[in-house]
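Asker: could you look at this predicted model? Sequence included:
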Amino acid sequence: MADTSHGTGGLTFDKQKRSWPNEMNILLALIIIVALFEVAGQLLPYMKGQSFLFDTRDRFDSIFNEARLKIIILQVAIIGIIALGVTQVIITAGIDLSSGPLVAATAMIAMSFAQTELVNGNPNPKAVFGLWAMDLPTIVPIAVGLTFGAIIGAINGTFIAYFRIPPFIATLGMFLICRGIALWWSGGRPVSFPTEGYKFIGSGMMPVVWFLSLAVVFQLILKFTVYGKHTYAIGSNEEAARMSGINVKRHKVLVYMLASMLAAFAGIVLSSKGSTAQAGMGEFYELFAIAMAVIGGISLKGGRGSIVGTVLGAMVIGVIRSGFTYIKLDGSYQLMAMGGIIIAAVVLDQYRQRSRA
Amino acid sequence: MNQDVVLKTVDLTKHYGGVHALEGADFEIRKGEHVAIMGDNGAGKSTFVRQITGVEQRTRGQVWLYGDEVHFAGPLDAREAGIETVFQTLALADDLDVPDNLFLGREKTFADWLGPFRILDYKGMRQATIDGLNKTAVKIPNIRNTIRNMSGGQRQCVAIARTATFHSRLTIMDEPTAALGVQETAQVENIIKTLKDQGEPLILISHNMRQVMELVDRIVVFRRGRIVANLKKEETDGQDIVAYITGAKTGEEYMEHAL
């Protein structure tokens, strides 16, 4: 143990503790879950010795079952984009429930600026606007969608920071408002037939590309910029942050704006992926995004958590979904297992915090 | 005005509605001087500090800092003018480490054109932290540990080290050892002595007679919102000070108000 004399009193430090970051525990959990599915696949009588992770067909060019790995991450990529923003909100000790309906509202709004004029030689049957809104450059729907997200986030942040409405209430209200906007926008009818350029945004593995590159960007921002430092400081001790001269209110508005812009972007990717936008899209997305952050080791009290953790949390959810399909158990079991894992993640985290203190 | 005077107040007064929490305080501290403020609870000590650090707006009176008359709109103004306050309740972010806390709200950065996304100069901040801690002789085993993992004394030391890192022109400590154990108190007192050796002016609010007699040059006693004594340490003792605090005695120059 290091020399900590000079009358400091109290605790001494075990330097080992710092070299084992929280994220390693989640990675470990992820590996264990994958191993469980692998073992289940080998042992369950009706599985005939299949492999969850590895390529069983006799080929030379791959070891892993790439198709499955792609699906695992593809099915969580869009909610993962939302989770990147939710993570930042929760680090400030807030919460954002409005992201799911915001996905739907943004999808509707952005898609209506991304429609093509002619479908198989006929006029677009799902047209929301007239010809002026047809075949616009792809940047237009993206800009409109992100602007809409920024406005919703700014409203969330303003009510939370300046009018001191609890984040839960403010974003619950916005949850309903956004779902209402999504239904009202085209009178409940789906908006479809986007341009080729818009289709590309969410095509193939593009959602994964967006998710991972945005994750890298925000991990760097949280770690290496003043924005990130102040985000953690506010969640850790808001009073201290204020006394240190941080403009807490303005910073919170910025955090909620970024979170809503990420959710709006998720809406753009989702509508592009399916080539359609419907008012009912994004149901429960806000809760799954929060679940990813929670499994990723975030503290709802603020101050702790990371983008890396949330990405791993997203992977855990992806693996569970994929794994239950693989061992041929239906969706009801998936939901039960996922619920159990979320609770277990928090219990383990609290236990770890207590044993550390 | 004499350039040796760090802070001077004349007729500093604060009324909360009908309550006269502070009445006509004339106070002065000179370069290199350590002054203690003593008095019973509700005597006006903290009210006095809140007026000079801009936490509250005074009802009446004037304040000069290094010869310039000042009107602080808020605590940040006071801080920018060079008044660092160590509060009884610790204003630290538990999940951040020592350099993060020292530089919170005034980080060293690169690429300032990036606005809120400007890049943190971690290396520069760590080096400045180590220099600041050396200056105050604070020993913290690993500055990259989060504050959460530190003892009360170490936390208070971090709060105090802020003042040394930013070359404050006046340090105010509001009962810095009230919540600390014996060993930790000793450590904080050592830091105060180091500040004294370096000629940093300090106002110390404390109830601890031994501490006051050991650390400061001059003792100002508050009672019922007024200053009732201004005593050089050499010319007084514990019993004498208690007499002023309880009202058994009042300084000659303050007699006119003591009824």
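Answerer: Good, I have the coordinates.
Asker: what residue, apart from its backbone neighbours, is nearest residue A:248 spatially?
Answerer: Distances taken as Cβ to Cβ, 6 or more residues apart in numbering or on different chains place residue A:242 nearest to residue A:248, at 5.1 Å, with adjacent residues excluded. Just so you know, the C-beta spots here come from the backbone N, C-alpha and C atoms, and that holds for glycine as well.
Asker: how close does that neighbour sit to residue B:104?
Answerer: 10 Å (Cβ to Cβ, to the nearest Å).
Asker: neighbour count for the two, which is higher?
Answerer: Between residue A:242 and residue B:104, counted using other Cβ atoms under 10 Å in any protein chain shown, residue B:104 has the larger neighbour count: 24 against 18.
Asker: quick check: chain neighbours aside, which residue is closest to the more buried one?
Answerer: Ranked by Cβ to Cβ, 6+ apart and with sequence neighbours excluded, the top spatial neighbour of residue B:104 is residue A:244, at 4.0 Å.
Asker: who touches that neighbour in this structure?
Answerer: Applying Cβ atoms under 8 Å, 6 or more residues apart in numbering or on different chains, we find residue A:244 in contact with A:233, B:91, B:104, B:105, B:106.
Asker: any quick PyMOL command for the buried ones out of the residues you listed?
Answerer: Buried residues among these (16 or more other Cβ atoms under 10 Å in any protein chain shown), as a PyMOL selection:
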select buried, (chain A and resi 233) or (chain B and resi 91+104+105)
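Asker: what is the lowest-pLDDT residue among the contacts of residue A:244?
Answerer: Looking at those by pLDDT, the weakest one is residue B:91, with 74.
Asker: what residue, apart from its backbone neighbours, is nearest that one spatially?
Answerer: Nearest residue to residue B:91, sequence neighbours excluded (Cβ to Cβ, 6+ apart): residue A:240, at 4.2 Å.
Asker: burial check on the one you found, number of neighbours?
Answerer: A count of nearby residues for residue A:240, using other Cβ under 10 Å, gives 24.
Asker: quick one: the helices in the stretch 251-357 of chain A, in order.
Answerer: Using DSSP state H, counting those that start in this stretch, the helices of the stretch 251-357 of chain A run over A:285-295, A:307-326, A:331-356.
Asker: circling back: from the contacts of residue A:244, which two are the most distant?
Answerer: The largest separation in these, counting by Cβ to Cβ, is between B:91 and B:106 at 13.8 Å.
Asker: quick revisit: ok, of the contacts of residue A:244, which one's closest to residue B:53?
Answerer: Looking at these and their distance to residue B:53, the nearest is residue B:91, at 12.5 Å (Cβ to Cβ).
Asker: wait, that closest one sits on residue A:245?
Answerer: No - between residue B:91 and residue A:245 there is no contact under Cβ atoms under 8 Å: 11.1 Å.
Asker: so where's the stretch 51-200 of chain B uncertain?
Answerer: By pLDDT under 70, the weakly predicted segments of the stretch 51-200 of chain B are B:88-90, B:164, B:167.
Asker: and for the stretch 51-200 of chain A?
Answerer: The stretch 51-200 of chain A contains residues with pLDDT under 70 at A:55-62.
Asker: and the residue of it nearest chain B?
Answerer: In the stretch 51-200 of chain A, the residue that lies nearest chain B is residue A:91 (9.2 Å; Cβ to the nearest Cβ).
Asker: that residue reaches residue A:303, doesn't it?
Answerer: Yes - between residue A:91 and residue A:303 a contact is recorded at 6.8 Å, counting by Cβ under 8 Å.
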